[in-house]
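>>> Give me the fold of what follows.
(one chain, ligands or ions: 2)
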Amino acid sequence: MTTKIAAAHQVHQILADYDYFLFDCDGVIWLGDHILPHVVETLALLKKHNKTVFFVTNNSSKARDDYLEKFQKLGIPDVDKTEVFGSSYALAVYVEKILKLPKDKKVWVLGEAGIEKELRALGYTTLGGTDPALVADGLKFDASHPALTQLDPDVGAVVAGLSLNINYLKLSATLQYLLKDNKTIPFIATNIDLTFPSKGMLLIGAGSIIETVSFASGRQPDAICGKPNLSMMNSIKADCPGLKENPKRGLMVGDRLNTDMKFGRDGGLDTLLVLTGIEKEEVVKALPSETAPTYYADKLGDFFELLQ
Ligand SMILES: O=C(O)[C@H](O)[C@H](O)COP(=O)(O)O
Ligand SMILES: [Mg+2]
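Numbering: from 1, shown residues only. Ligands and ions are numbered 1, 2, ... in the order given. Model prediction:
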C-alpha cells in the first residue's frame, strides 16, 4: 500500500526521515527543456536542510557535463559532476571496467552525443552515433553505402541508447555489426525505458529503439546499464558511505515504476513516485505492497508548495 504526500506534516516527516535524495530527471525535474513547477525551490529547501542530493538519469542523449549545463540553464545552481549519474556514463564505465574492451578497439554507437562523449572521455574511438555521413538531407537509402558494405574490423562493441535522429541506414548499419562474426560482437544497451515523457505526451523511448535492432538481430543486449541495473546505485553508495551503511535514510524519487522505483527498492531505499511523467495515479494506488512505492505525489514541487 502506498501513501500520497498531500500535507505539510508529511513533508516535515520526510525531511526528518531521509538524509539522501536520489532524483530521476525526465518526468521528475523536467520534461524536455521545461523545468517542472517549484522544483528549484524544492531542491533549495533540501539544501537548506543539509540533505545530500544525487541525480540519476537513464537519458543517454547527454553526457554528465551536458547535464551540468542543463541544470545551470534551468536555474538549478551548484550541481557538482559527482552528483550526476547518467546511463551514458554507466555504459562507458561498463565497457571499460566490466567488458574490459581494449582501447585500440572501436565502439559502434546507435545513439546520441552523450554516449560518444562519455566513451571518448575514457579513450575509446566511436563510430556511427552523430556522424554526419549517416544523416544526409533527402538521404535516399543506398544499400551500397560504406557504413553497410565496409564494416570496420576494429569494432569490438555495439552500444545502443536513445536516438533522436534515427534512420534506416543507422539501424541497418547497427544490424550488420550485431550479425557480424556469428553474432559475437558484445551488445551493450543504456536502458529499457519504452517511452520518453514529454509535455503532454509520450515519445518513443530508448528501450523501443534498442528493441528494433534487438528484434532484427535476434539478440538481447549482453548488459543494460541504466536503472534498474544497480551499477549507478553502487557507484553512488561507493561515494556516500552514509547511504551505503543505512540505505533506509535514502529516498529514490522517480516517475517510472519498472526503472526508478525498482532501482530504489532493490537498492534498499524508500521510494517516491511522482505523477508528472509516465505513471497514472489509478495504477499506482492499485499496486500490491511489494511493488508499490513508499509514497507518491502529484509532483516534486509539492514538497515546497505544501510548506507555504
Ligand atoms: O527513452 C528514454 O531513454 C527514457 O525515457 C529517458 O532516458 C528517461 O530518463 P530518466 O527519466 O531516467 O531521467
Ligand atoms: Mg523519468
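>>> going forward, measure contacts between C-alpha atoms and count neighbours the same way
Noted.
>>> Near ligand 1, which residues of this protein? Just list them.
24-27, 57-59, 162, 193, 195-196, 205-206 (Cα under 6 Å from any ligand atom).
>>> which of those tops the neighbour count?
Counting neighbours by other Cα atoms under 10 Å, Leu162 leads the residues of the chain next to ligand 1 with 30 neighbours.
>>> mind checking pLDDT for the residue sitting nearest the centre point of the chain?
Among the residues of the chain, the one closest to the centroid is Asn58, at 0.5 Å (Cα atoms, centre = their mean). Note on Asn58: pLDDT of 98.
>>> Leaving out chain neighbours, which residue sits closest to it?
Spatial nearest neighbour of Asn58, excluding adjacent residues (Cα to Cα, 6 or more residues apart in numbering): Ser87 at 4.8 Å.
>>> Kindly report the same for Ile76.
Nearest to Ile76 is Val40, by Cα to Cα, 6+ apart, at 5.8 Å.
>>> tell me the mean pLDDT over the helix or strand containing the one you found?
In the assignment (DSSP states H and E), Val40 maps to helix 39-48. The average pLDDT for helix 39-48 rounds to 98.
>>> List of residues touching it?
15, 29, 52, 75-76, 300-301, 303-304 (Cα atoms under 8 Å, 6 or more residues apart in numbering).
>>> Quickly list what the residue in the stretch 101-250 of the chain positioned nearest to ligand 2 is bridged to.
Taking Cα to the ion as the measure, the stretch 101-250 of the chain has Pro197 as its residue closest to ligand 2, at 7.2 Å. For Pro197, the beta-bridge partners under DSSP bridges are Leu202.
>>> burial of it, as a residue count?
Around Pro197 there are 23 residues (other Cα under 10 Å).
>>> Verify the contact between it and Gly27 for me.
Yes: counting by Cα atoms under 8 Å, Pro197 touches Gly27, with 6.0 Å between them.
>>> where does this protein come near ligand 2, residue by residue?
Contact residues, the chain versus ligand 2 (Cα under 5 Å from the ion): 26-27, 255.
>>> returning to that earlier point: please tabulate the contacts of helix 39-48 in a markdown table, including the columns secondary structure and distance to Ala92.
Formatted as a markdown table, the contacts of helix 39-48 follow (DSSP: H, G, I helix; E, B strand; the rest coil; distance: Cα to Cα, whole Å):
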| residue | secondary structure | distance to Ala92 |
| --- | --- | --- |
| Leu15 | helix | 35 |
| Ile29 | coil | 24 |
| Thr52 | strand | 25 |
| Gly75 | coil | 28 |
| Ile76 | coil | 26 |
| Leu300 | coil | 30 |
| Gly301 | coil | 33 |
| Phe303 | helix | 35 |
| Phe304 | helix | 36 |
